[in-house]
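Peer 1: Next one to model:
(2 chains)
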Amino acid sequence: MKMYVCIKQIPDPNTVVSKLDPNTKRLVRSGVSLVLDPGDESTISAAIKIRDTIGNSEVTVVSMGPASAQEAMRRALAMGADRAILVTDPALGGSDALSTARVLASVLKKEEVDLVFCSTESTDGYTGMVPGGIAEFLSLPQLTFAREVTIDGQKAVIKRVTATGYQTVESPLPAVVTIASGSFEAIYPTMKGIMGAKKKPFTQLSLADLGIDASEVGEAGAREQVMTIGTAEARAAGQVITDEGNSAQAIADFLQRYQLL
Amino acid sequence: MSNTIWVLVELENGQPARSSLEVLGKAAQLGRAEAIVLGSNATEVASTLGEFGASKVYAHNDAVYDTYLTLPAVDTISELLIQHQPTILMLATTYDLRDIAARLNARHKMGLITDATDLSFEGDALQVTVPWGGETVVTATFPKQRTGIVLTRPKAFALERFEGKTAEVETLNISLNADSQKMKILERVVVQSEGPALEDANVVVGGGRGLGKAENFRMVEDLATALDGAAGATRAIVDAGWLPYSYQIGQTGKTVKPTLYIAVGISGAIQHISGMKGSKYIVAINKDENAPIFSIADFGVVGDALSILPQLTEEVKKRKAQ
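Peer 2: All right, here's what the predicted structure looks like:
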């Protein structure tokens, strides 16, 4: 089976406090530490696990981003993905979810797709609208918020997370499947994997290669516009103390004062 | 002419979902609210929606919507969009409505703003408020004058009643495309968990990476139990496999609005803050004095959660027994 995973390089959520640039009104992506989205590490691992279960299959990671995203692609290859395709083009800056979905779908349209995996949403933009957009552009069914995935011949069956538990949902293939965070343990790249990654096929594409006009994507093509960026009404300044062995009592005092005990 | 706002009302066990009714009430305050209800008892539900703000309801009775996810609803709404041009489509952020929104957006190139906590119109100009992290708030709009989609944050709006208001119900005569019946629900399983549900709990204790390892999460649960509350987790530790997704508080996880939220070993990433910022009182314990969580905490302690937590649980039990 030919399996694809759409991935993204983002500012490191564990070390970077996300900021919006008041001039460009965009997420600040330069001068900060960039990593493969941790959610995508789990999703790539899911795809690799399923590939190895089915056998005779291949996992290709696909991404849209600046040239620096190559590092994230290499990490995916080091984890065990077989091929990587990166779409990079200066005109893509400021793209909304719809443009992102369109670009990724254009890459996938040139391939023979059995399964497309995505995380339910990215950790930085978190709209969650790209996977459904990809599925629509490819006219494919979508199985979303999957915490378990079984491929059974030409069918996929998932356990789909719901507010009260889960649903078991099936769909014919090919299909887009989104993986709920925490469902699959992330593979840690070994030294052998890292060395092997350098030899795996890596393709870089521009908008011209996909036949997409720059005016239809990026900031020019976005259908939403940020008008203002302001400071939120701050909660009244709270008190912060340093623990000197008595903070449990101090917290309990606070709780009692506001009748929370 | 006032703005027309469409709201897709989800059905839960044959009843309108509370989250959809909250959105409908807000829509009625913004302009003319029209609801869409799709499911096996849609017309029955449709007649009750006037009191929740609907001036008109488009209803389609068909069990196909209950059995097959997303695509049948996307097809029907698409047909309605071709016939009518509402100003916006407003949807609560739920699993099913997110999927529908993503496909409608791609099918009709609509424009889509997510995680909104407020909307207003200045004449025709729409202004959507989207919080960003703990300290920033953004306003956004649809610049290209076409029907846009707005997904609203859970619990952003209160339930409103419009006494005596009745809605005009239009039953739809649409034949459903078999090609759209692809994602079939085979079974629905409700998983019972001990203690109050996260979304309803009055007290929530959240744990994050600062706990160090999965085994330490038990301390969070002990404190939650001592306070008759629920335990929750950040995306970081769910991604790390310490806990199942059902514990996750944050953007895709659950939104909580308890009276008391105690954040333990949580740095305060936007992802997480967006799910708990509405808590009445926030207490935070973190080793790092620069952790963003302290900027939204009412009471913060810079210290080691692993030593403070068990002491706090003991102190709470002691004082509650008095």
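Peer 1: ok, now which ones touch the most centrally placed residue in chain B?
Peer 2: Centroid check for chain B by Cα atoms, centre = their mean gives residue B:154 as the closest residue, at 2.9 Å. Going by Cβ atoms under 8 Å, 6 or more residues apart in numbering or on different chains, residue B:154 touches B:19, B:92, B:93, B:199, B:255. C-beta: built from backbone N, CA, C; applies to glycine.
Peer 1: Cross-check these against chain A and keep the overlap.
Peer 2: Among the contacts of residue B:154, the residues within reach of chain A (Cβ under 8 Å from any Cβ of the partner chain) are residue B:199.
Peer 1: May I ask which of the contacts of residue B:154 comes out lowest in pLDDT?
Peer 2: Lowest pLDDT within the contacts of residue B:154 is found at residue B:199 (84).
Peer 1: hey, which helix is longest across the chain?
Peer 2: Assuming you mean chain A. If you go by DSSP state H, chain A has its longest helix at helix A:38-54.
Peer 1: To clarify, I was referring to chain B.
Peer 2: Assignment by DSSP H; longest helix in chain B turns out to be helix B:305-321.
Peer 1: Dump that one to PDB, restricted to CA.
Peer 2: Extracted in PDB, the C-alpha atoms of helix B:305-321 (Å, rounded to 0.1, in the frame of the first residue of the first chain):
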ATOM      1  CA  ALA B 305       5.500  19.900  42.400                       C
ATOM      2  CA  LEU B 306       6.700  16.500  43.400                       C
ATOM      3  CA  SER B 307       7.300  17.600  47.000                       C
ATOM      4  CA  ILE B 308       4.500  20.100  47.300                       C
ATOM      5  CA  LEU B 309       1.700  18.000  45.900                       C
ATOM      6  CA  PRO B 310       1.600  15.200  48.500                       C
ATOM      7  CA  GLN B 311       1.900  17.800  51.300                       C
ATOM      8  CA  LEU B 312      -1.000  19.800  49.700                       C
ATOM      9  CA  THR B 313      -3.200  16.700  49.500                       C
ATOM     10  CA  GLU B 314      -2.600  16.000  53.200                       C
ATOM     11  CA  GLU B 315      -3.300  19.600  54.100                       C
ATOM     12  CA  VAL B 316      -6.500  19.600  52.100                       C
ATOM     13  CA  LYS B 317      -7.700  16.400  53.700                       C
ATOM     14  CA  LYS B 318      -6.800  17.800  57.200                       C
ATOM     15  CA  ARG B 319      -8.700  21.000  56.700                       C
ATOM     16  CA  LYS B 320     -11.700  19.400  55.100                       C
ATOM     17  CA  ALA B 321     -12.000  17.100  58.100                       C
END
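Peer 1: so where do the helices sit in the stretch 101-250 of chain A?
Peer 2: Taking DSSP state H, counting those that start in this stretch as the criterion, the stretch 101-250 of chain A contains helices spanning A:130-137, A:191-197, A:207-210, A:218-221, A:247-257.
Peer 1: Report all helices and strands that the last one contacts.
Peer 2: If I follow you right, that is helix A:247-257. Applying 3 or more Cβ pairs under 8 Å, 6 or more residues apart in numbering or on different chains; DSSP states H and E, one finds that helix A:247-257 makes contact with strand B:281-286, strand B:299-302, helix B:305-321.
Peer 1: rerun at 6 Å
Peer 2: Counting contacts by 3 or more Cβ pairs under 6 Å, 6 or more residues apart in numbering or on different chains; DSSP states H and E, helix A:247-257 is packed against helix B:305-321.
Peer 1: who touches the helix it packs on?
Peer 2: When contacts are defined by Cβ atoms under 6 Å, 6 or more residues apart in numbering or on different chains, helix B:305-321 is touched by residues A:247-248, A:251-252, A:261, B:210, B:219, B:222-223, B:226, B:264-265, B:285.
Peer 1: and which of those is nearest to residue A:205?
Peer 2: Nearest to residue A:205 among these: residue B:210, at 41.0 Å, using Cβ to Cβ.
Peer 1: In terms of pLDDT, where does the residue nearest to the closest one when sequence neighbours are not counted sit?
Peer 2: Distances taken as Cβ to Cβ, 6 or more residues apart in numbering or on different chains put residue B:265 closest to residue B:210, at 2.3 Å, once the chain neighbours are dropped. For residue B:265, the model assigns a pLDDT of 97.
Peer 1: List of residues touching stretch B:165-182?
Peer 2: A:141, A:171, B:43, B:46-47, B:49-51, B:54, B:56-60, B:64, B:68, B:71-72, B:75-76, B:79.
Peer 1: Check stretch B:13-27 too.
Peer 2: Outside of stretch B:13-27, the residues within contact range by Cβ under 6 Å, 6+ apart are B:5, B:7, B:9-10, B:33, B:35, B:41, B:45, B:52-53, B:90, B:92, B:152, B:157, B:159-160.
Peer 1: Tell me the buried residues in that stretch?
Peer 2: Buried residues in stretch B:13-27, defined by neighbour count with 16 or more other Cβ atoms under 10 Å in any protein chain shown: B:16, B:17, B:19, B:20, B:21, B:22, B:23, B:24, B:25, B:26, B:27.
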